[in-house]
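Colleague: sequence plus predicted model, see below.
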Amino acid sequence: MNATATSPALVPLADGLVLRQARPADLDGIGTLLAGRGEPEDALDHRLVVTDPDVGWSACAVVVDGDRVVSTATLLDEEVRIGGVRLPAGQVELVATDPAYEGRGLVRALMRWAHDRSAARGHVIQAMIGIPYFYRLFGYEYAIDIPPAPAVRTPPPGVGTPVLRAARPSDIPAMAALQEAAQRGFDVAVAHPAARWRWLLDHDASTLQVLERAGTVVATGRITPPGGQVLLAEAAALDETAARDLLRGAAALVPDSRLRVVHRSGTVTAAAWQEFLDHEPRKRAEQYYVRIPDVAVLLDRLRPLLWQRLAATGTDRTGRDIVLSTFGAHYRIPVLADGLGAVVTGGAMQAAGAVGGAAAAPDHLPALLFGPHGMEGLTRIRPDVYARDEELFQALFPPLTGDVLSYYLPY
């Protein structure tokens, strides 16, 4: 389904409803729907997206009953870095349906539109935050851990109160550099695209704050509005002193609230804050969804990374194939003298072990490729994930750490 700003495609649905690209005249109707089904801030967030010169109305679709907007969804461009490979990705956001129109397949139609648009934009995966189970109906599976958000037991000691200020457009390069440094140690990372930095400066659901030292931004984070419980997320700092000052400054901004912070394991802020947080065992799993529309295309993009992992084993497998089965299909990757050959797709393969291969049911594949368990961990908990050559496939698919920056905070 292709659409342009001048002549958007119209998709007839049942009961006279029509799916089409959103238009400027739909702005108020979409905003009312989003605010009514979600949070009041969602209307502003949507307006920031569709009026951004680098994004525009083509990112949003609506289902209309006459002139009335009764369902909507928006597709955002993302980039997922895994190792040194950067994957173009899509993220579906701002989904809502009028209660009177639920149960008619409108979200299914909008998800089809989003996935078609995502494919047209060259995305090889989609990732998203979503309500439990629902988006598994559209091919998404849980994959990347959402980090915990422990409460601050007591702010770090120090002289005086560090002063945080709201970020300005001129701070974006410094904030982006701090986030890039924070994400460097993660195996899988999603950064904020340039357009989203602009939106985050203007939206209401959180505030970007910065800490300066001698006129230079040395720490940053997103803080939710004051209330009974406040979240400090996406914290990044130049050094541990800046990290502790960021935490003290954030606590001073919300003295009457309980402050929680997102724990980004292995970062400067995680090390600096360790002793000041209440680290409690997690009571439930929290993960981002990932959808893989074409396994062969994704594996092909991952060949440089897989070759790097294979080379690190020191084992010469030249002339042999790496075989991965998803039971209904299988994928062969030839091992050449200087790299991996193009992925070859084959038919159903029930017994991958018989050819020295590995198997992963398709609903576990996102977790295998992007998640914290790897081949070894998934094999222990999923009967339909296994490898005949355990050493090889544990090297090819190791446990991965992840850090995702997103428009909405998943807390």
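Modeller: Yep, it's here.

Colleague: quick check, residue 211 in a strand?
Modeller: Yes. Following the definition DSSP: H, G, I helix; E, B strand; the rest coil, residue 211 is counted among the residues of a strand.

Colleague: who does it form a beta bridge with?
Modeller: Partner residues in beta bridges with residue 211: residue 219, with DSSP bridges as the criterion.

Colleague: give me the contact list for stretch 16-32.
Modeller: Counting contacts by Cβ atoms under 8 Å, 6 or more residues apart in numbering, the residues outside stretch 16-32 that touch it are 3, 5, 8-13, 42-44, 46-47, 50, 57-58, 60-65, 67-70, 72, 101, 104, 106, 109-110, 113. The way it works is simple: take the backbone N, C-alpha and C, and place the C-beta from them, glycine included.

Colleague: run the chain-centre distance for that stretch.
Modeller: 26 Å (Cα atoms, centre = their mean, to the nearest Å).

Colleague: repeat for stretch 250-258
Modeller: Distance, stretch centre to chain centre, for stretch 250-258: 28 Å (Cα atoms, centre = their mean).

Colleague: so what touches that stretch?
Modeller: Taking Cβ under 8 Å, 6+ apart as the criterion, the residues outside stretch 250-258 that touch it are 151-152, 155, 161-162, 164, 209, 221, 223, 226-230, 232, 259, 261.

Colleague: how about 7 Å then?
Modeller: 151-152, 155, 161, 164, 221, 223, 226-230, 232, 259 (Cβ atoms under 7 Å, 6 or more residues apart in numbering).

Colleague: and the contacts of stretch 16-32, which are buried?
Modeller: Buried members of those, counted by 16 or more other Cβ atoms under 10 Å: 3, 8, 11, 13, 42-44, 46-47, 50, 57-58, 60-65, 69-70, 72, 104, 106, 109-110, 113.

Colleague: pretty sure residue 135 sits against residue 288.
Modeller: No. Taking Cβ atoms under 7 Å as the contact criterion, residue 135 and residue 288 are not neighbours in contact, 10.6 Å apart.

Colleague: neighbour-wise, which of those two wins?
Modeller: Between residue 135 and residue 288, counted using other Cβ atoms under 10 Å, the more crowded position is residue 288 (24 against 21).

Colleague: give me the phi and psi for the more buried one.
Modeller: Per-residue torsions, residue 288: phi -80, psi 150 (degrees, to the nearest 10).

Colleague: under the pLDDT cut-off, which ranges of the stretch 1-150 of the chain? List them.
Modeller: 1-8 (pLDDT under 70).

Colleague: the closest residue to residue 183 other than its chain neighbours and residue 144, how far apart?
Modeller: Nearest residue to residue 183, sequence neighbours excluded (Cβ to Cβ, 6 or more residues apart in numbering): residue 189, at 4.1 Å. With distances taken as Cβ to Cβ, to the nearest Å, residue 189 is found 10 Å from residue 144.

Colleague: which element is the closest residue to residue 130 other than its chain neighbours on?
Modeller: Computed as Cβ to Cβ, 6+ apart, the closest residue to residue 130 that is not its neighbour in sequence is residue 289, at 5.3 Å. Assignment of secondary structure by DSSP states H and E places residue 289 within strand 287-291.

Colleague: again with residue 366
Modeller: Residue 366 is part of helix 365-370 when elements are defined by DSSP H and E.

Colleague: ditto for residue 77
Modeller: strand 68-82.

Colleague: export that strand to PDB, keeping only CA atoms.
Modeller: Once non-C-alpha atoms are left out, strand 68-82 reads as follows in PDB (Å, rounded to 0.1, in the frame of the first residue of the first chain):
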ATOM      1  CA  ARG A  68     -14.900  11.200  11.900                       C
ATOM      2  CA  VAL A  69     -11.600   9.600  12.900                       C
ATOM      3  CA  VAL A  70     -12.300   6.300  14.700                       C
ATOM      4  CA  SER A  71      -8.900   4.600  14.700                       C
ATOM      5  CA  THR A  72      -5.300   5.700  14.100                       C
ATOM      6  CA  ALA A  73      -1.700   4.500  14.200                       C
ATOM      7  CA  THR A  74       1.700   6.100  13.500                       C
ATOM      8  CA  LEU A  75       4.900   4.500  12.300                       C
ATOM      9  CA  LEU A  76       8.200   6.000  13.400                       C
ATOM     10  CA  ASP A  77      11.600   5.400  11.800                       C
ATOM     11  CA  GLU A  78      14.200   3.800  14.100                       C
ATOM     12  CA  GLU A  79      17.700   2.300  13.900                       C
ATOM     13  CA  VAL A  80      18.700  -0.700  15.900                       C
ATOM     14  CA  ARG A  81      22.500  -1.200  16.400                       C
ATOM     15  CA  ILE A  82      23.600  -4.800  17.100                       C
END
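
Colleague: quick one: contacts for residue 79?
Modeller: Taking Cβ under 7 Å, 6+ apart as the definition, contacts of residue 79 comprise 86-89, 191.

Colleague: my bad, should have said residue 140
Modeller: Contacts were defined as Cβ under 7 Å, 6+ apart; by that measure residue 140 touches 128, 130, 289-291.

Colleague: could those go into TSV alongside neighbour count and distance to residue 371?
Modeller: Written out in TSV, the entries for those read as follows (neighbours: other Cβ atoms under 10 Å; distance: Cβ to Cβ, whole Å):
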residue	neighbour count	distance to residue 371
128	24	15
130	17	16
289	22	11
290	24	8
291	23	14
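
Colleague: closest to residue 33 among the residues you listed?
Modeller: Closest approach between the contacts of residue 140 and residue 33, by Cβ to Cβ: residue 130, at 18.1 Å.

Colleague: using the three-state scheme, assign that closest one.
Modeller: Residue 130 falls in the coil class when you classify it by three-state DSSP.

Colleague: strand partners (parallel or antiparallel) of the strand holding residue 77?
Modeller: Its sheet considered, strand 68-82 pairs with strand 60-65 (antiparallel), strand 85-97 (antiparallel), strand 188-190 (antiparallel) by DSSP bridges.

Colleague: ok so, going back, by contact count, what packs against the helix holding residue 366?
Modeller: strand 140-145, helix 374-381 (3 or more Cβ pairs under 7 Å, 6 or more residues apart in numbering; DSSP states H and E).

Colleague: CSV for the ones you listed, including distance to residue 359?
Modeller: Rendered in CSV, the data for the helices and strands packed on helix 365-370 read as follows (distance: least, Cβ to Cβ, whole Å):
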stretch, distance to residue 359
strand 140-145, 16
helix 374-381, 10
